[in-house]
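**Q** this one's sequence-less:
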Ligand SMILES: Nc1ncnc2c1ncn2[C@@H]1O[C@H](COP(=O)(O)OP(=O)(O)OP(=O)(O)O)[C@@H](O)[C@H]1O
Ligand SMILES: Nc1ncnc2c1ncn2[C@@H]1O[C@H](COP(=O)(O)OP(=O)(O)OP(=O)(O)O)[C@@H](O)[C@H]1O
Ligand SMILES: [Mg+2]
Ligand SMILES: [Mg+2]
């Protein structure tokens, strides 16, 4: 019996308008194989999996399951073909119970057989050692708990090929290990897994890896045959230039930002727990941590968007209390939010207009009651030139900019605004190497101008390249603040996973 | 066979329709609407061509007819602009209807209590009264949204009902009722408070100029001022505005004030430009039509004026059409609806395209 | 030479379904058939005009084809603006809410209070609960007159009668007036004057109801006792006569500033008893009705015109 | 059996009593009489029927994520076609069925516009209302030409439920109504059961809260929403039928008189829950019934105040309850994958 591949993709191409998100991709996934899909942000991994799950229709290409060509017009077709998927972002109904989320849309007829569904869910949980309470509302679960719901949801469909799109991004290291135990058992049952992950440690546990770069398949390799560096090279297309560690900096002047005992609760969870730190003039203070550990809440408090329940902070000696973003900005604070299209830009406005967002009432941009169009346009041209933004002109609509260029618009605005303090939350997320280098240079320039900078990043390379001190966030707590020169990737990585004791020892 | 065609051809949404596609789509919509309306005319026993001709004659066939069309368009321009301002900011003010009432009522209250003054005093008073009445009533919904998070769609609809009863309370045996009259209406207003006529032989009054001025003003505000900037930004991404330091609650109230003030002026032009009395029938219906006008006008002031004139023409021409062809004037509402539905569908259909796909 | 044709525009405040309008259309049809002065009369109706009167009047006037613009309600505002601009056209307004303008603006009034009085007598005799009700639209002069006369008739023959009045605040909303009827039945009424023409509840609960404007016997055969029928015939004829006079003598329109109305004697109305009730009526009652009708029609008995707003006892 | 009323002291007639006037006690006494209470209560149930039918349909549509603002037009067309077909066929039940189908057909057009073409829901709804108003009046004229008076058709008789209708007080209120009324009230638990106890209910609610969660299960969001919206239209059509064939026995232009809008408001005031929707319907209907009764008795409360009350109460309730707390999360937002 010639073993057919479980999944075979031939020449799959998917375009979004002019953008080719998947370009002639071909790969096989064998029965019982753990196959990793690797690639930078925006390389097209999620797009490929959405095509395999029938959510998107490829423009070209053929998909075969167990040797049979399949035409996946909707997830129903995919489910029929035995394909299941855990999405990169949760697809849950918060108001439903765990059981309802898992069972909705399954079964047939009018009757919703709660008891049978529950028995089946419990059986799956038991078989794979997953802990879930079927009757709890999903909205009350932690993010990790919600991810388990997603996983059981897929297992419940009885799929023979599981696509897991960054399932561990929201799991604790412990939970991630548990997930891999589950995967082992699935493999033993002959089920194939297509796993997407950015975490090299996880990728290295797979059988084979397919690497995508800018929508094209660079190659598929047996994991055993390659090193991490090999994979990185395939992914990026070049060896990473050794991070140019910034030489000086750090505590040049007095404290610009001092945070004292900041605490905040959201939906009964303590998202910020007694956070205190100081950032000096001319210093870049790094914040490490898996996203979802309180960084976003910290930045929202610091930029005036949310009020902390307890504690306070001051900027250049001025106490900030019950403030609004406008008040904070007036103190010479710039803020680069993590979600640029949600928090940083107004998609339907042009570059020149977005460059004055928040300052549009200021006399500087007005002529009488009207906005100073010429001033705005000139400012736009300057920013496009100064930040090398790839756009048709200052009147280009921001919604149509790519991630990197959109980020540059925000940087241009916030750098111009920040005289004293710059708050940067994940400024390099989703950017390519060139753009990352650009952001690094700009941050250093800003630091050298005497600005205090708070920089949060999931990329430790960013932090090591730029920061003098690095604080690690875990579950709303600032576990430890480390001196860059006296710590290592490993130590911070362990702290990010919450292993405080390791460090303490 | 069907499977083949599905596999080879697919309808998909475009990101942005090309102007040519828009043009074709709208042309097709118009053609479709005309065909359906023509069929209705036939069913009503009228010759479609003759009906359309008398519709046109009734709306633009003479100076008087044109003037009347513009009279009908005037309140629709105001309510259309009201919807335009709010919808641009993605605030769903469905309450222009009630704000028209409020504007008319506030204007009447101010003018009624003012006593006898020359037109130079009274007219500004009624105009300001309309602005204040409509604006404040809308701001109430804004306040409910920002302070109590009551959805504006809901609150404005409720407020539409409430004000109708308040007016009825004031008119029917209430303090404003016409002495000795049994109808729900006030006595005729002071001649000096009425809006001056513009062209002899027509009923075209100053309100139309006010409406045009309002359209220009709204256009300037939207495109040139920081407030317009905020409105457009709010329509695209309210959160980003918030994050970047704009007081979005205040913005919502300001937008409602502006939107309501525009709607309120529609009440003023109807009471002081057309009916010379305050009564429910003088001001009812314009708020809801304004929403349609605003959407037809693509939420653009110029488009709003054009759509309002189109609607005014339909309303006005319908009378002559009915007289000349005997088609019931109720048909005109059906025609408006069909036009609107075809337009909406045509517009939406521009966002789709047929694409060939293939498998390797 | 004498005109042979007359073109009238009937400008109706509501749709033709509303009984008020139906009575107008029916009367007009009778006048057309009668061919006064040998005229070929042609009428074109426009409905639901109330708040848009000026434009409709003007559109008709501008066609230059219409001789009489006959409005059926308070169109004084519109007519006031147009009458001097179109001196050759005859404008007509009707009922309360108007004021006399003279010249070419004629004002007619419908008072059906006389048959309503007799109908009230009928109700006063037939009621067992001694509660007599009326459902009306708005408290307007031309509805109040009938209701007051109806109650007066009932009380004259039966002093124990209590009156109930409900206004539904709409010219035409059968559902609402049905509910109002139920409410009055609960309040004890067993004879109800339906000014707003909804008889379903009457039919169901088997009480006696009275129709207005047109003969409602066919609409509610079980419950209708009688209907006051409004006849615009004398009014229309008067208008046509005035028009004829001006056109044939070459004079000018000179309308009186007081409203012109016609009595029962002059055939402005009718009292139609439902045949299915007629058989059941006691002879005494029949006689009373016949006598009452006779007395009024011959002018022996005058019924006071009371246009005050009626109130419930 | 109508009891004689022996109240109404003469002082009441003498002068126009203000709101807190002279003869009040006697009047209120009369108001408290059982017949009157029963009448108000029974009227409440009748007035509630069309509202409840339409509101329950709207509830299901909104739970699936679609704001059907065209309810008024669908009711109106339902009322008209119901009347027309009852007249032509001579069967009231044919009329009711036709009304339901008409509502459903209009809802299908609406659904095509907002679900398939993803046109703005509010505006499409307004257009549908306009269409219903125009088409029904026009068609009425076309069908019955110029006769003015449209023919009256027979209408549904009350169907007292044996035994139960004999119960004192509640009998005449609850168990001596028309079949459509029983149907409307039975639909409350039925809709509740549909939404919260069946597989399809789970799917409908999922479509309103997170359509993607449904999509990834291979269930067509559009199909679910189409079904829900068409169901809503069907119920609206039946609500319209209650007005024309159910109680008035004829069709009158614009006879819904804002009841469709009221039904939408009721769904909101009822916080998107079937039983709360029932409660809201009863409150609105009760105040309307009360208003009519009070006039007949002669209490001088301006009727406008009573009619205004539900709207004021609803706003206050929403202020306290924070309106959207219960609303389907994706209500009014068209779903698309890409
Ligand atoms: N619906 C869409 N419309 C237009 N462009 C899209 C859409 N979805 C994805 N893209 C674009 O396609 C490219 C590939 O995106 P995709 O989400 O597949 O990346 P990815 O590899 O999953 O990235 P990440 O690691 O960040 O999840 C990106 O440039 C993205 O901007
Ligand atoms: N969600 C989206 N909606 C509309 N257009 C998009 C979307 N995502 C991407 N695009 C378009 O696709 C193009 C490529 O986007 P993408 O983010 O992949 O660029 P990129 O090459 O990764 O650039 P950068 O390195 O700056 O992120 C952009 O020009 C953008 O206009
Ligand atoms: Mg992805
Ligand atoms: Mg990118």
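**A** Cool, got the structure. Because the structure is predicted, anything quoted here is derived from the model rather than measured. Ligands and ions are numbered 1, 2, ... in the order given.
**Q** what residues does chain A put near chain C?
**A** By C-beta under 8 Å from any C-beta of the partner chain, no residue of chain A approaches chain C. Using the backbone N, CA and C atoms, a C-beta is placed for each residue, glycine as well.
**Q** Which segments of chain A make up each domain?
**A** A:7-236, A:255-347+A:418-496 (automatic domain parsing).
**Q** host element of residue 158?
**A** Using chain A here. Remark: residue A:158 resides in no helix or strand, with elements defined by DSSP states H and E.
**Q** wait, I meant chain B there
**A** Per DSSP H and E: residue B:158 is located in helix B:152-171.
**Q** If you count contacts, what does that helix end up packed against?
**A** If contacts are counted by 3 or more C-beta pairs under 8 Å, 6 or more residues apart in numbering or on different chains; DSSP states H and E, helix B:152-171 sits against helix B:96-114, helix B:119-148, helix B:280-283, helix D:259-269, helix D:303-321.
**Q** picking that back up, quick check: which of the domains of chain A is nearest to residue D:173?
**A** domain A:7-236 (33.2 Å; C-beta to C-beta).
**Q** Would you tell me whether the closest one gets close to chain D?
**A** Yes. Against chain D, domain A:7-236 shows contacts by C-beta under 8 Å from any C-beta at A:16, A:53-56, A:74-80, A:85, A:87, A:91-96, A:100-101, A:103-112, A:157.
**Q** What about the residues you listed, which are in helices?
**A** Within the residues of domain A:7-236 next to chain D, residues falling in helices by DSSP state H are A:75-80, A:100-101, A:103.
**Q** burial measure for the residue of the stretch 201-313 of chain C found nearest chain A, as a count.
**A** Distances between the stretch 201-313 of chain C and chain A by C-beta to the nearest C-beta are smallest at residue C:204, namely 38.6 Å. Close neighbours of residue C:204, defined as other C-beta atoms under 10 Å in any protein chain shown, add up to 19.
**Q** who touches it in this structure?
**A** D:157-158 (C-beta atoms under 8 Å, 6 or more residues apart in numbering or on different chains).
**Q** Residue C:223 versus that one, what's the distance?
**A** Using C-beta to C-beta, to the nearest Å, residue C:204 is found at 9 Å from residue C:223.
**Q** go on, residue A:37?
**A** Between residue A:37 and residue C:223 the distance is 80 Å, computed by C-beta to C-beta.
**Q** Pick out whichever of these two has more residues nearby.
**A** Per other C-beta under 10 Å, whichever of residue A:37 and residue C:223 has more neighbours is residue A:37, with 29 against 26.
**Q** Quickly run through the sheet partners of the host helix or strand of the more buried one, with directions.
**A** Take DSSP H and E as the rule and residue A:37 turns out to sit in strand A:34-39. Its sheet considered, strand A:34-39 pairs with strand A:192-196 (parallel), strand A:208-213 (parallel) by DSSP bridges.
**Q** between those strands, which one is nearest to residue B:242?
**A** That would be strand A:192-196 among the strands paired with strand A:34-39, by C-beta to C-beta, at 33.0 Å.
**Q** quick one: the very next helix or strand once past the closest one to chain centroid distance?
**A** Per DSSP H and E, the first helix or strand lying C-terminal to strand A:192-196 is helix A:200-203. Averaged C-alpha coordinates place helix A:200-203 at 17 Å from its chain's average position (C-alpha atoms, centre = their mean, to the nearest Å).
**Q** same question, stretch B:310-320
**A** 15 Å.
**Q** Mind checking what secondary structure the closest residue to ligand 4 within chain A has?
**A** As assessed by C-beta to the ion, ligand 4 sits closest to residue A:42 within chain A, at 3.4 Å. Under DSSP: H, G, I helix; E, B strand; the rest coil, the three-state class of residue A:42 is coil.
**Q** Please give the number of neighbouring residues around the closest residue to residue D:273 other than its chain neighbours.
**A** Spatial nearest neighbour of residue D:273, excluding adjacent residues (C-beta to C-beta, 6 or more residues apart in numbering or on different chains): residue D:326 at 7.0 Å. When neighbours are counted by other C-beta under 10 Å, residue D:326 registers 14.
**Q** check contacts around residue D:326.
**A** Counting by C-beta under 8 Å, 6+ apart, residue D:326 touches D:271-273.
**Q** Would you point out which residue is most central in chain B?
**A** residue B:290 (1.6 Å; C-alpha atoms, centre = their mean).
**Q** where does the stretch 151-300 of chain B dip in pLDDT?
**A** The model of the stretch 151-300 of chain B has pLDDT under 70 over residues B:180-182.
**Q** can you give me the strands in it?
**A** Under the criterion DSSP state E, counting those that start in this stretch, the stretch 151-300 of chain B contains no strands.
**Q** Can you give me the pLDDT of residue A:309?
**A** Per-residue pLDDT puts residue A:309 at 90.
**Q** my bad, residue D:336
**A** Residue D:336 is given a pLDDT of 82.
**Q** which residues touch the closest residue to residue B:308 other than its chain neighbours?
**A** Using C-beta to C-beta, 6+ apart and skipping the chain neighbours, the partner closest in space to residue B:308 is residue B:76 (3.8 Å). Listed by C-beta under 8 Å, 6+ apart, the contact partners of residue B:76 are B:266, B:286, B:289-290, B:293, B:307-308, B:311-312.
**Q** Next: residue A:425.
**A** Per C-beta under 8 Å, 6+ apart, neighbours of residue A:425: A:295-296, A:299, A:335-338, A:456.
**Q** circling back to that earlier point, give me the buried entries from the residues of domain A:7-236 next to chain D.
**A** With neighbours counted by 16 or more other C-beta atoms under 10 Å in any protein chain shown, those contain buried members at A:53-56, A:74-79, A:85, A:87, A:91-93, A:95-96, A:100-101, A:103-106, A:112, A:157.
**Q** burial count for the residue of the stretch 201-350 of chain B found nearest chain C?
**A** Closest approach between the stretch 201-350 of chain B and chain C, counting by C-beta to the nearest C-beta: residue B:281, at 3.4 Å. Applying other C-beta under 10 Å, we find 15 residues neighbouring residue B:281.
**Q** Next one: the residue nearest to residue B:308 from residue A:448, what distance?
**A** Noted for residue B:76: a distance of 60 Å to residue A:448, by C-beta to C-beta.
**Q** name the element the residue of the stretch 201-313 of chain C closest to chain A belongs to?
**A** helix C:200-205.
**Q** The helix or strand following that helix and chain D in contact?
**A** Remark: after helix C:200-205, the chain's next helix or strand is strand C:208-213, criterion DSSP H and E. No. Strand C:208-213 stays clear of chain D (C-beta under 8 Å from any C-beta), getting no nearer than 10.3 Å.
**Q** strands paired with strand C:208-213, and their directions?
**A** The pairing partners recorded for strand C:208-213 under DSSP bridges are strand C:191-194 (parallel), strand C:224-230 (parallel).
**Q** Mean neighbour count, the ones you listed: which tops it?
**A** Mean neighbour count, computed with mean count of other C-beta atoms under 10 Å in any protein chain shown, is highest for strand C:191-194 among the strands paired with strand C:208-213, reaching a mean of 30.
**Q** helix or strand for residue A:270, which one?
**A** Residue A:270 belongs to strand A:269-280 when assigned by DSSP H and E.
**Q** And the next helix or strand past that strand?
**A** Counting by DSSP H and E, what follows strand A:269-280 is strand A:284-288.
**Q** could you give me the average pLDDT of that following strand?
**A** 93.
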